[in-house]
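Visitor: sequence and predicted structure, then a few things I'm wondering about:
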Amino acid sequence: MDFEPFIRDIEDFPKPGVVFKDITPLLKDYQVLLKASDALCNMVADHAIDKVVGVDSRGFIFAPLIASRLQAGFVPVRKKGKLPFDTVSASYELEYGTDSLEIHTDAIMKGEKVLVHDDVLATGGTAKAVCELVEKLGGEVVQCNFLIHLTFLNGAQKLNGRKISTLLEY
């Protein structure tokens with residue numbers, strides 16, 4: 001299925017000069033949402049997955065759906081200070097500074113096969129930090145899935161050759 005008609009461009013959001021890829025039109029149509037979920041699961045069908053890591057916040061939309069379909073656990077990675085239990089953190093670069101993400105220390109066990117999912121791969125800093133968190137806990141990142149890959153921002157280079165799958169590329 002062609003998902004591109006369900007992605008809306010929002011000019012100058014969140015700041016002037018940025019064209020934001022809005023996925024809410026895709027989400028509001030349950031048939032398209034189901035087909036996108038199927039497609040995201042099919043991209044990893046040849047791997048046994050123990051955990052699906054969803055990245056705060058839009059990664060939380062598809063990651064639990066994918067996890068349940070793959071019969072895997074779901075693990076949220078959140079911005080600093082949002083998780084209630086013991087955490088480990090990883091920092092990443094933003095165009096205007098740094099930020100950090102956290103994961104519970106008991107979220108992933110050594111040797112578990114992990115799928116990382118987020119809505120968009122842009123500059124790659126967030127995805128790289130999430131992969132580092134998974135590996136700090138002893139997990140193996142099998143693949144990184146994204147709904148959208150903004151190829152012109154070269155984010156895949158930060159993922160150091162990890163397998164990447166996306167539904168759409170711009």
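Guide: Here it is on my side, so go on.
Visitor: in this protein, what residue spans correspond to helices?
Guide: 24-28, 30-42, 59-69, 125-136 (DSSP state H).
Visitor: and those: which comes nearest residue 6?
Guide: With Cβ to Cβ as the criterion, residue 6 lies closest to helix 24-28 of the helices of the chain, at 3.8 Å. Quick note: C-beta positions are derived from backbone N, CA and C, even for glycine.
Visitor: picking that back up, got the helices of the chain as TSV, with distance to residue 14 and mean neighbour count columns?
Guide: Output for the helices of the chain, formatted as TSV (distance: least, Cβ to Cβ, whole Å; neighbours: other Cβ atoms under 10 Å):
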stretch	distance to residue 14	mean neighbour count
helix 24-28	15	15
helix 30-42	23	15
helix 59-69	17	20
helix 125-136	15	22
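Visitor: need the residue closest to the centroid of the chain.
Guide: residue 118 (1.7 Å; Cα atoms, centre = their mean).
Visitor: what's near enough to touch that residue?
Guide: Neighbouring residues of residue 118 by Cβ atoms under 8 Å, 6 or more residues apart in numbering: 54-55, 58-59, 126-127, 130, 144-146.
Visitor: same check on residue 9?
Guide: 19-22.
Visitor: which strand residues bridge it?
Guide: Per DSSP bridges, the residues bridged to residue 9 are residue 21.
Visitor: same check on residue 149?
Guide: residue 121, residue 169.
Visitor: I figured it was touching residue 127, is that so?
Guide: No - Residue 149 lies out of contact with residue 127 (Cβ atoms under 8 Å); the separation is 10.3 Å.
Visitor: got the CA positions of stretch 122-134 in PDB?
Guide: C-alpha atoms of stretch 122-134 as PDB (Å, rounded to 0.1, in the frame of the first residue of the first chain):
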ATOM      1  CA  ALA A 122      15.900  12.300  10.800                       C
ATOM      2  CA  THR A 123      19.300  13.300  12.100                       C
ATOM      3  CA  GLY A 124      19.800   9.900  13.800                       C
ATOM      4  CA  GLY A 125      20.700  11.200  17.200                       C
ATOM      5  CA  THR A 126      17.700   9.800  19.000                       C
ATOM      6  CA  ALA A 127      17.900   6.400  17.400                       C
ATOM      7  CA  LYS A 128      21.600   6.200  18.100                       C
ATOM      8  CA  ALA A 129      21.000   7.000  21.800                       C
ATOM      9  CA  VAL A 130      18.300   4.400  22.000                       C
ATOM     10  CA  CYS A 131      20.500   1.700  20.500                       C
ATOM     11  CA  GLU A 132      23.200   2.600  23.000                       C
ATOM     12  CA  LEU A 133      20.700   2.200  25.900                       C
ATOM     13  CA  VAL A 134      19.700  -1.200  24.600                       C
END
